[in-house]
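Engineer: here are the coordinates; sequence isn't available:
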């Protein structure tokens, strides 16, 4: 089980060695999961929309590549490579990729168990 400390040890990895999961056309995800935190690398084709939603997990998102129009509560903003977003638990958010491939790194605490069962 993921939560068992005896099964989790220090880890050094390379994204090229992490399995790629195709979620749907134009969206790929990779996961590295710890005991209380997870990191997800997401690759989006241009113009993909992730519908606005909220979840009980705290989330930080680092924009690695591309430009994204994010919904943040009742406002929107365009972010680009180097920007970091913070979503407190239950914060309404969503995203529309603009005209180029986008790579995001999402960090969640606690672990998104729903990502592990898909």
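Structural biologist: Everything's here; your move. Note that the structure is predicted; figures quoted are calculated from it, not measured. Numbers count the residues shown, from 1 in each chain.

Engineer: For the chain, which segments count as strands?
Structural biologist: 21-24, 27-33, 38-44, 49-53, 58-65, 67-72, 75-80, 84-87, 93-97, 102-109 (DSSP state E).

Engineer: list the buried ones in the fourth one?
Structural biologist: Meaning strand 49-53. residue 50 (16 or more other CB atoms under 10 Å). C-beta here means a position set from N, CA and C on the backbone, and glycine is covered the same way.

Engineer: what's in contact with it?
Structural biologist: 44, 71, 92, 93, 94, 95, 96, 97 (CB atoms under 8 Å, 6 or more residues apart in numbering).

Engineer: one more time with 10 Å
Structural biologist: 27, 42, 44, 68-73, 91-97, 104 (CB atoms under 10 Å, 6 or more residues apart in numbering).

Engineer: Next: the first one.
Structural biologist: By CB under 10 Å, 6+ apart, the list of residues contacting strand 21-24 from outside reads 27, 28, 29, 30, 31, 40, 42, 43, 44, 48, 115, 118.

Engineer: Neighbour-wise, which one of the residues you listed leads?
Structural biologist: residue 44 (24 neighbours; other CB atoms under 10 Å).

Engineer: For that one, list each beta-bridge partner.
Structural biologist: Beta-bridge partners for residue 44, by DSSP bridges, are residue 27, residue 102.
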